[in-house]
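Asks: Quick one, what's the 3D model for this:
(2 chains)
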Amino acid sequence: DTGVSQNPRHKITKRGQNVTFRCDPISEHNRLYWYRQTLGQGPEFLTYFQNEAQLEKSRLLSDRFSAERPKGSFSTLEIQRTEQGDSAMYLCASSFTNPGQGKEQYFGPGTRLTVT
Amino acid sequence: AQTVTQSQPEMSVQEAETVTLSCTYDTSESDYYLFWYKQPPSRQMILVIRQEAYKQQNATENRFSVNFQKAAKSFSLKISDSQLGDAAMYFCAYRQTEFSGGYQKVTFGIGTKLQVIP
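Replies: Residues are numbered from 1 along each chain as shown, chains lettered A, B, ... in the order given. As a prediction, this is how the structure comes out:
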């Protein structure tokens, strides 16, 4: 168990460019979550997958944001036409479904996006 | 909607002393989970302790314990024998149960920055 991994760890992009982040969850976990954390704030929920199905999306997830989880393994989060307000840390987390397992979500190290 | 409030932006504690971080939350649910997460500088968030609302007994994990007051919707974290490695942002968090509509999102407070003074 190597934990949740995210790539890249840092991304600097110019306004208007598209960016894509990747998250690899803990292998046994079938739930995967994306959060956004801005400076001085706690993480805010963006979206969640159970296996390959995207079951919930926050209203924070505008139409410029899209997330996928093909084959229920890794996930990608794409931001199109980036804006300076998109600058934040993007966190991925994963968890078990099975009853009796821990209810907590395990977080990755995050991808810090800076839009210039 | 559920909300989590942490009213202490920063706290400091002397090494080896005890500190308590406060958290209140608002929900109409009777069963739910509460968590404290620790986020060290430039490092990933890790779970410190978990409390299930239907359990009356306060959770304890080594030097970390909680004071869960369900009626008051209060969930404070006590850190005993503070160590330099405890310095971090601490986030209080809430999640509904599987049986409350299946919502999986965790709602976080804005965090408390804990400084440990040698």
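Asks: When you work out contacts or count neighbours from here on, use the C-alpha atoms and nothing else.
Replies: Fine.
Asks: Could you say which helix or strand holds the spatially most central residue of chain A?
Replies: Chain A has residue A:34 as the residue nearest its centroid, 3.0 Å off, counting by C-alpha atoms, centre = their mean. Applying DSSP states H and E as the criterion places residue A:34 in strand A:31-37.
Asks: can you tell me the average pLDDT over that strand?
Replies: The average pLDDT within strand A:31-37 is 94.
Asks: go on, stretch A:57-67?
Replies: Here the average pLDDT along stretch A:57-67 is 89.
Asks: follow-up on the earlier one: list the buried ones in the strand holding residue A:34?
Replies: By neighbour count on 16 or more other C-alpha atoms under 10 Å in any protein chain shown, the buried set for strand A:31-37 is A:31-37.
Asks: Chain B: which of those is nearest?
Replies: residue A:33 (7.9 Å; C-alpha to the nearest C-alpha).
Asks: residues contacting that closest one?
Replies: A:45-49, A:92-94, B:105 (C-alpha atoms under 8 Å, 6 or more residues apart in numbering or on different chains).
Asks: who wins for most neighbours among those residues?
Replies: residue A:92 (32 neighbours; other C-alpha atoms under 10 Å in any protein chain shown).
Asks: Run through the bridge partners of the residue lying closest to residue B:111 once chain neighbours are set aside.
Replies: Leaving aside its sequence neighbours, residue B:111 sits nearest to residue B:91 (C-alpha to C-alpha, 6 or more residues apart in numbering or on different chains; 4.5 Å). Note on residue B:91: beta-bridge partners residue B:37, judged by DSSP bridges.
Asks: No further queries at this time; thank you.
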